[in-house]
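K.L.:
Sequence and predicted structure below; questions after.
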Amino acid sequence: MTTKQRPRLLIIYTGGTIGMIENPVTHALQPFDFSHLIDNVPKVKMLGYDIDHIQFNPPIDSSNMSLEHWRDMATAIEQHYDDYDGFVVLHGTDTMSFTASALSFMLENLRKPVIITGSQLPIGEVRTDGEENLITALQVAAAIGRDGEPMIQEVAILFNDSLWRGNRSTKMSADNFNAFKSNNYPELARIGLSITFMEKNLYRQTNNEPLKVHKVLDPSVIFIELYPGLCEATLRHMLNTPYIKGVVLKTYGAGNAPSDAWFIGAIRDAVERGIVVLNVTQCVNGGVNDTLYETGNTLSAAGVVSGHDMTSEAAITKLMFLFGLGLDRDAVLRELNRDLRGEVSIL
Ligand code: ASP
């Protein structure tokens, strides 16, 4: 792996377990400031990089993540884009895949690494995974390719022994060090004795446009997850949620849903009211193939659009992003059928 002489990196510390310490009264973990975190990793100095940091004030448990926090992260990257070779975002694991997906859409024409990492155990604990994750994330952010350009030019999640595309990743485990995976897209890098980049899997821009940061996301979207026993009244209630513009419908298997007239009728009514209904599978692996079964076919006939193999995190943030651009329904439908940041395989 090659790095620049003295890479300049910016750490954006948002919080999460990595920087948490135990509250002496309640014994619950709570986020702590950056100096505590970095004091626990003296090895960072051995890298020989120029590293600056900014931190959320106060740092947060990522379960409290909001659209405003995403805007703040995107703004920080925009303001410092020319000053640094790469960015490392320290983040709680709970909503890390949502943040990675959102940032990927917000940072159009990104050509520098934005590496998000965190840990399962706080960095002050003896068996922490935080130290290794932080050091490796910094090394990945500093890596340059044979052309002298940053090796990673996208938003990625570094966790344990893998680097994943951010908008393809999902948190898979609440208690395993190998907490993340991208089930429908291969690793960007394998972390072993050395860091091996899978160059053919890396995202590359096809244009020469400068970074464009989209700061407005529209939260008028909801998830509806199918389960046997869902009844018409509940479904219609959810579809009639005030002000919603989009629904991510989490369907069974290859994108299937009940074929009952009441179900299809409720969905069709929502579509006719102008709501965008996007079909993603509940399965962690594979995607929607709405021509495979009658039950998927009826959904597309009712005006539901296929989310192909997108994760639900990418699907909901893509809708927030497209509505945030102020696009009308037809334009949103058009963009949902395009791969914007490597988030979807459209055959
Ligand atoms: N609740 C924590 C968070 O997401 C969990 C973690 O960081 O692993 O901030």
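P.N.:
That came through, no problem. The structure presented is a predicted model; accordingly, all values stated were derived computationally and were not measured. Numbers count the residues shown, from 1 in each chain.
K.L.:
is it fair to say Phe56 lies in a strand?
P.N.:
Yes: going by DSSP: H, G, I helix; E, B strand; the rest coil, the assignment for Phe56 places it inside a strand.
K.L.:
so how far is Val305 from it?
P.N.:
35 Å (C-beta to C-beta, to the nearest Å). Just so you know, the C-beta spots here come from the backbone N, C-alpha and C atoms, and that holds for glycine as well.
K.L.:
Can you report how many residues neighbour Ser169?
P.N.:
28 (other C-beta atoms under 10 Å).
K.L.:
contacting residues for it?
P.N.:
By C-beta atoms under 8 Å, 6 or more residues apart in numbering, the contact set of Ser169 is 96-97, 100, 157, 180-182, 311, 313.
K.L.:
now do 6 Å
P.N.:
97, 157, 180, 182 (C-beta atoms under 6 Å, 6 or more residues apart in numbering).
K.L.:
Which residues of this structure lie near the ligand?
P.N.:
Applying C-beta under 6 Å from any ligand atom, we find that the chain lies next to the ligand at 15-17, 61-63, 92-94, 118, 120.
K.L.:
From those residues, which land in strands?
P.N.:
Gly15 (DSSP state E).
K.L.:
Name only those of the residues of the chain next to the ligand that count as buried.
P.N.:
Burial by neighbour count, 16 or more other C-beta atoms under 10 Å: within the residues of the chain next to the ligand this picks out 15-17, 61-62, 92-94, 118, 120.
K.L.:
which of the residues you listed lies closest to Ile195?
P.N.:
Using C-beta to C-beta, Gly118 is the member of these that lies nearest Ile195, at 18.4 Å.
K.L.:
Which residues are in contact with the closest one?
P.N.:
Contacts of Gly118 by C-beta under 6 Å, 6+ apart are 16, 18, 91-93.
K.L.:
now swap in Asn133 and tell me
P.N.:
Asn133 neighbours (C-beta under 6 Å, 6+ apart): 117, 119.
K.L.:
cool, Gly15 as well?
P.N.:
Neighbours of Gly15 in contact, by C-beta under 6 Å, 6+ apart: 31, 56, 59-60, 92.
K.L.:
Tell me which residue of this protein lies closest to the ligand.
P.N.:
The nearest approach of the chain to the ligand comes at Gly92, 1.9 Å away (C-beta to the nearest ligand atom).
K.L.:
tell me the contacts of that residue?
P.N.:
Going by C-beta under 6 Å, 6+ apart, Gly92 touches 15-16, 61-62, 118.
K.L.:
Good, wrapping up.
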